[in-house]
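K.L.:
predicted structure and sequence below. I'll ask about it afterward.
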Amino acid sequence: MVNQAHRLLDGLNPGQQRAVMTTEGPVLVVAGPGSGKTRVLTHRIAYLIEELNVSPDSILAMTFTNKAAREMRERIDRLISRDTAAGLVMGTFHSLGVRILRQNPGVVADRLGLLPNFLIYDDGDQLELAKRSTAAAGLDPKQVPARRMLSRISAAKSQLISAQELAETSATYDDELVVRVYQEYERALRAANAVDFDDLLGLPIRLFDSDHAVLERYQRRFRYILVDEYQDTNRVQYVLATALSGYWNNLFVVGDPDQSIYGWRQADIRNILDFEKDFPTAELVHLELNYRSTSRIVQAADRLIRDNEQRIERTIRTENGEGEPIVLRELADQNHEAQFVVSEIRRLINTGRARGEDVAIMYRTTAQSRVLEEAFRVTDIPYRIVGGVRFYERKEVRDVLAVLRLIHNPQDRLSLERIIDNMPLGRGFGPKALETAVTWAALHRRPIVDAFLVMAAGSTDPLDSSRPDFSNAGASAATRIGTALAFLRERARTVSLAELFDSVVEKTGYRDSFNQGTEDDLQRWANILELRADLERYETVEPSEALSAYLEQISLIADVDAMNDQAQDQVTLITLHSAKGLEFPVVFITGVEEGLLPISRAIEAEAIGDSLPLEEERRLMYVGVTRAKTLLYLSYAANRMSYGRFQSGVASRFLQAIPAELVRSVTRGGQSRGGGAGRMASSVSGPLSSRVASTWNDRPGLADTAAPVVELPDYQTGQRVFHAKFGEGVVAEVVPRRDDVEISVMFDRHGRKRLMGTLARLEVLS
């Protein structure tokens, strides 16, 4: 065993060795970018199994992406073999939540009202359900955007706040709207026997609260718990990790507060900042040595992030060579910027300094990718956009998946309606017939699909005490749909998924939808055949289990998970948020200017005394800089098209922090000069907030962390006002709304807009 231990520790620096060997009690590893945190996690797991004879099934490792879990699993298999590590539980927080819910079907059904064949609604499903819930709440979706309602609901769930609890703390008219939609949204989810992504984390905690024996079973089983990217955890994940570690107290977390960039989806940096307060006996290990980037890039990143206050003080360093200067370019506009990026990439490729797959172009907002993609389209340089339309979100793929989902879960009304609306099978079955089916299902307390199955079965169905009262046309269409679904449900019990797919496209008539021979038809049919190839991966799985496993697997895939590491020599276009965890020899960060990086809403928040969003923007810039291994390009435009007109661009304040000696800046005239980052940037700065409270119980809840209370001006009709997005306009109407006012403004360039006073931040001009 001694030799084995030496092998597992060989090549690790002292900090990494300490992290691997400190096995008992809570441990916080603050891992800087490129410092080998994945190496530490995998070697620690191997060390526990091989050196300390820990059973693999008593180890739980939680990550944020399937890609990270896959990489860790592959490394562990190489270290100690797959057989030796068999039983190790490793995956995302969401996959762990699914595991807990699936493993306790009886208790989950009894305590949570969720049947074992529940579906996981993806982003598209959740948005569609939010739209319907908004309408069901008696609100106009045009005035109350469903996406904003869904965001507020997700924020509440990530704080473990139910609709009822939110109702008890609602303080504004907007809060009341959210509560009404939230209640309808939850009712619709339960009626469909479905969960959303937030439920995969919140429902296990509700299960633990309702049955402590279930929690104790998992606590005793998992002796060692490891959490990757701990700075990205929200309240639910914090509670889940700490609850599961409550018996053995062996919670090992790895993260970097300087890379906490997901506050907009409720990640709470305080989880990592306050770890030593939450766990007073915790060991703190710093990993500061960067193995990824050149010295210039590391120094630039270190100086950049030091302007933040919410962080754990440390210095990142490297033993790599100095490397080339960071290139800073000022361009005339976004088109000029895109042309520069593409031409520079071509130069690097033609001179043999880089391949396409070595290069990534990063940007703050997805809208910035459009002009870049246009520049690539007129070249022969292959590229890919990460974060575009995912394969499983393509219409034709979702149509076929809707049939598979309905076969698996007959309560899934969203999938049923998709089939009726988009497939030949549903022709002749209109909205009135659908309401008849819904009413019948509610009256008889049966899944809506049964309304179609009893029509297909006719009077021979022993359960058919009364058939739905369809019109003649509706009855004919319902019988046709029910016959097809009955056949497909029976097939699903006995055949492989690929064979079931063949039956689906035939029985629904969907195959015939693509027989026009157009290029679009051919491409869409190719996507459907790609889905069949995907289903073939489950050939060896029992038919009774395959469909459930497949639907669960695809629902948990993220954009980064789907990235092919072998990029086939393609340049990668990616947002800064999606780039975290990746690395590239050459990185271009575009749009490094005020209003983009940092984003305008962070600047607005700072103006009213909230510097936390600006700190997160700085961390986002830090993440982008530290993705680069050898070459880093930063660019901004002197003019940029925004809302239909050109606006002057100002170099980002973040550029000021980068020492001049690390940079080679080039003006629009093409003149090159050393340094210059500070000279070209603005000098805007402001006070930062004090450090946060130490425990979750002391931390403000959702209602407390909402937008700060704004002292509203006395808005009057006829006043001239200014809005940061819409420009100048005249107040046309002011309507009191409890603790708020609804203001109707006729803007000069954008026409009439209705705004809530607490959110609009209108400046009264006259």
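P.N.:
Thanks, I have it. Numbering: from 1, shown residues only.
K.L.:
mind checking pLDDT for N564?
P.N.:
Listed pLDDT for N564 reads 55.
K.L.:
how about the helices in the stretch 351-500 of the chain?
P.N.:
369-377, 395-408, 413-422, 431-444, 450-457, 472-492, 497-507 (DSSP state H, counting those that start in this stretch).
K.L.:
please apply the same query to the stretch 551-700 of the chain.
P.N.:
Assigned by DSSP H, counting those that start in this stretch, the stretch 551-700 of the chain shows helices spanning 576-579, 600-607, 612-625, 677-680.
K.L.:
okay if I get the ones you listed as JSON lines plus distance to S471 and mean pLDDT?
P.N.:
C-beta: built from backbone N, CA, C; applies to glycine. Formatted as JSON lines, the helices of the stretch 551-700 of the chain follow (distance: least, C-beta to C-beta, whole Å; pLDDT from 0 to 100):
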{"stretch": "helix 576-579", "distance to S471": "50", "mean pLDDT": "93"}
{"stretch": "helix 600-607", "distance to S471": "52", "mean pLDDT": "89"}
{"stretch": "helix 612-625", "distance to S471": "56", "mean pLDDT": "96"}
{"stretch": "helix 677-680", "distance to S471": "71", "mean pLDDT": "40"}
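K.L.:
of the ones you listed, flag the one that's most buried.
P.N.:
Compared across the helices of the stretch 551-700 of the chain, helix 612-625 shows the largest average neighbour count, a mean of 24 (mean count of other C-beta atoms under 10 Å).
K.L.:
rewinding a little: how about the helices of the stretch 551-700 of the chain in CSV, adding distance to H408?
P.N.:
Output for those, formatted as CSV (distance: least, C-beta to C-beta, whole Å):
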stretch, distance to H408
helix 576-579, 30
helix 600-607, 41
helix 612-625, 39
helix 677-680, 56
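K.L.:
and those: which comes nearest Q719?
P.N.:
Among the helices of the stretch 551-700 of the chain, the nearest to Q719 by C-beta to C-beta is helix 600-607 (20.6 Å).
K.L.:
about what we covered before: closest one to L251 among the helices of the stretch 551-700 of the chain?
P.N.:
helix 612-625 (23.9 Å).
K.L.:
hang on, the earlier thing: closest to G591 out of the helices of the stretch 551-700 of the chain?
P.N.:
Per C-beta to C-beta, nearest to G591 of the helices of the stretch 551-700 of the chain: helix 576-579, 9.9 Å.
K.L.:
got the CA coordinates for that closest one in CSV?
P.N.:
Taking C-alpha atoms only, helix 576-579 is exported to CSV below (Å, rounded to 0.1, in the frame of the first residue of the first chain):
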residue,chain,number,x,y,z
LEU,A,576,-18.0,34.0,-20.8
HIS,A,577,-20.5,32.3,-18.5
SER,A,578,-20.4,29.1,-20.5
ALA,A,579,-16.6,29.2,-20.8
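K.L.:
residues contacting it, please?
P.N.:
With C-beta atoms under 8 Å, 6 or more residues apart in numbering as the test, helix 576-579 has contacts from 261-262, 360, 362-364, 386-387, 559-560, 589, 597, 620-621, 623-624, 627.
K.L.:
how about T22, phi and psi?
P.N.:
phi -80, psi 90 (degrees, to the nearest 10).
K.L.:
once you drop chain neighbours, what's closest to it?
P.N.:
Nearest non-adjacent residue to T22, counting by C-beta to C-beta, 6 or more residues apart in numbering: E283, 5.2 Å away.
K.L.:
now do L112
P.N.:
L112 sits nearest to L203 (C-beta to C-beta, 6+ apart), 5.8 Å away.
K.L.:
could you measure from that neighbour over to A109?
P.N.:
12 Å (C-beta to C-beta, to the nearest Å).
K.L.:
so the two - more neighbours on which side?
P.N.:
L203 (22 against 13; other C-beta atoms under 10 Å).
K.L.:
how close does that one sit to A301?
P.N.:
Counting by C-beta to C-beta, the gap from L203 to A301 is 39 Å.
K.L.:
what's the answer for E330, then?
P.N.:
21 Å.
K.L.:
same thing with S648?
P.N.:
For S648 relative to A301 (C-beta to C-beta), the value is 28 Å.
K.L.:
who's more crowded, these two?
P.N.:
Legend: neighbour count by other C-beta under 10 Å for S648 and A301, higher for A301 (27 against 10).
K.L.:
OK, contacts around the more buried one?
P.N.:
33, 293, 316, 622, 625-626.
K.L.:
regarding V735, what is its secondary structure?
P.N.:
In three-state terms, and counting by DSSP: H, G, I helix; E, B strand; the rest coil, V735 is strand.
K.L.:
which strand residues bridge it?
P.N.:
E742 (DSSP bridges).
K.L.:
I'd say it and V741 touch.
P.N.:
Yes. At 6.6 Å, V735 counts as touching V741 under the criterion of C-beta atoms under 8 Å.
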